[in-house]
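Participant: requesting a structural model of the entry that follows:
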Amino acid sequence: MKLNKQRGVSLVELMVSITIGLILIAGVLSIFMSSKVTYFANEKTARLQENGRVALDLLMHDVRSAGYMGCARAVPFTSTLNAPTSLLWNYEIPLQGFESDGAGAWAPVIAAGTLNPVPVNDSDIVVARALQRDGRAMRVETDLGSLNGSPQILDTTNVTAGTVMMISDCTASSVFQVTGYGSGSPYGSVAHAAAGANPGNSTDDLGYLYTTGSRIAPLQTVVYYVANDPVSGEPGLFRQTGNVQPADLLIEGVQALQIAYAEDTNGDRLADVYRSASAVANWDNVLSVTISMLIRSVEQGTDVDSNTYALLPAAVGGKTLGPYNDRRMRMVFTTTIALRNRAI
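Facilitator: You can find the predicted model right below:
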């Protein structure tokens, strides 16, 4: 009897082929998952690097320009503002730092309510004061007739009441808050009465009879610090300009900020010692600052972060932070910034 030829596959062959197929699929999935993890790790690294670069760039712009008042040399200085030695209005000190004690206090002391949102406990604060970065200097068109006279400028730009401004002829300088602006032809009048909103003027006496050709320009105080975002609860780098609150969130994920100051102690315009903010003897002698910033990823990852991070040496007020034992990626960014208006 002739047997029919076998057709199809046996159960054993089917099981073997399924097993081989599963192995191949598992290999493809493994490669896919590995590529996905690598992609997200590279993306987090790129985001961290970009956040660090932008954060340092923003800080460098304002810190580097601290003390720029439009003249090539220091001149006698008068302030008509109320509280002229407070953090927000002390234009006699171009750059100033505040050292954190790690428990919610800073040296020198910062008055409650000055910054909003409130800074985190373990990070330093740096303040830069200079001409407004996007401000435009205007020419005084007539001699002041009296010490409390209103500067006359070309009626082309409306000056907003409440703006803090400086008038200077590079022989003397005065800081005041604008209390009003009167349009005129051909000149407008900048009022600075002994009144006004925060901070307000304590007097309308500018202390000097400025002449035609003097310059008038807006000033600003910018404060950089780390705080928790009131909405997300995540830490970030904030910048407060003057008394405008709440401060602007610049970069998410900035977790800590430590700053050291290079001070000239013998008058040769060379840095002699690095100090924490609380140890600086004279802010006018600070030539450069070193900033160290810890930034973490916004998203959680897969690996537990058991590392520690050194933000500057302890001798200059630096701190070692961590381990955090969470699943976020972190990087430290450090740079040194020369103060252009001091290191000359």
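
Participant: just the element for the residue nearest the centre of the chain, please.
Facilitator: Here the mean C-alpha position of the chain is nearest to the C-alpha of residue 224 (CA atoms, centre = their mean), at a distance of 3.6 Å. Residue 224 belongs to strand 215-228 when assigned by DSSP states H and E.

Participant: which SSE is immediately downstream of that strand?
Facilitator: Counting by DSSP H and E, what follows strand 215-228 is strand 235-241.

Participant: partners of that next one in the sheet?
Facilitator: The strands beside strand 235-241 in its sheet (DSSP bridges) come out as strand 215-228 (antiparallel), strand 248-252 (antiparallel).

Participant: out of those, which is the most enclosed?
Facilitator: The highest mean neighbour count among the strands paired with strand 235-241, using mean count of other CB atoms under 10 Å, belongs to strand 215-228: a mean of 21. (Glycine included, C-beta is placed from N, CA and C.)

Participant: just the CA coordinates of it, formatted as PDB?
Facilitator: Extracted in PDB, the C-alpha atoms of strand 215-228 (Å, rounded to 0.1, in the frame of the first residue of the first chain):
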ATOM      1  CA  ARG A 215      22.200 112.300  30.400                       C
ATOM      2  CA  ILE A 216      19.200 110.800  32.100                       C
ATOM      3  CA  ALA A 217      18.500 107.000  31.900                       C
ATOM      4  CA  PRO A 218      16.500 104.300  33.700                       C
ATOM      5  CA  LEU A 219      18.200 102.200  36.400                       C
ATOM      6  CA  GLN A 220      17.400  98.600  37.500                       C
ATOM      7  CA  THR A 221      18.200  96.300  40.300                       C
ATOM      8  CA  VAL A 222      18.000  92.600  39.400                       C
ATOM      9  CA  VAL A 223      18.100  89.800  42.000                       C
ATOM     10  CA  TYR A 224      18.900  86.200  41.100                       C
ATOM     11  CA  TYR A 225      18.000  83.400  43.400                       C
ATOM     12  CA  VAL A 226      16.600  79.900  43.700                       C
ATOM     13  CA  ALA A 227      13.000  79.400  44.800                       C
ATOM     14  CA  ASN A 228      10.200  76.800  44.400                       C
END
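
Participant: tell me the gap between it and the middle of its chain.
Facilitator: 9 Å (CA atoms, centre = their mean, to the nearest Å).

Participant: quick one: low-confidence ranges for the stretch 51-200 of the chain?
Facilitator: 72-73, 156-158 (pLDDT under 70).

Participant: got the contact list for the residue lying closest to residue 306 once chain neighbours are set aside?
Facilitator: Distances taken as CB to CB, 6 or more residues apart in numbering put residue 323 closest to residue 306, at 4.5 Å, once the chain neighbours are dropped. Residues near residue 323 by CB atoms under 8 Å, 6 or more residues apart in numbering: 305-308.

Participant: from these, which is closest to residue 147?
Facilitator: When the contacts of residue 323 are compared for distance to residue 147 (CB to CB), residue 308 comes out closest, at 58.8 Å.

Participant: for that closest one, grab the count of nearby residues.
Facilitator: Burial of residue 308 is recorded as 10 neighbouring residues (other CB atoms under 10 Å).

Participant: same question for residue 111.
Facilitator: 10.

Participant: for residue 284, same thing?
Facilitator: 15.

Participant: and it, that's in a helix?
Facilitator: Yes: if the criterion is DSSP: H, G, I helix; E, B strand; the rest coil, then residue 284 is within a helix.

Participant: ok, it to residue 275 distance?
Facilitator: Here the distance between residue 284 and residue 275 works out to 14 Å (CB to CB, to the nearest Å).

Participant: related to what we said a few turns ago, going by distance to residue 176, which of the contacts of residue 323 wins?
Facilitator: Closest to residue 176 out of the contacts of residue 323 is residue 308 (49.3 Å), distances taken as CB to CB.

Participant: got a pLDDT number for the residue lying closest to that closest one once chain neighbours are set aside?
Facilitator: Excluding its sequence neighbours, the residue lying closest to residue 308 (CB to CB, 6+ apart) is residue 322, at 4.3 Å. pLDDT, residue 322: 91.

Participant: how many neighbours does the nearest residue to residue 286 once chain neighbours are set aside have?
Facilitator: Take residue 286 and drop its neighbours on the chain: the residue closest to it by CB to CB, 6+ apart is residue 261, 4.8 Å away. Using other CB under 10 Å, residue 261 has 27 neighbouring residues.
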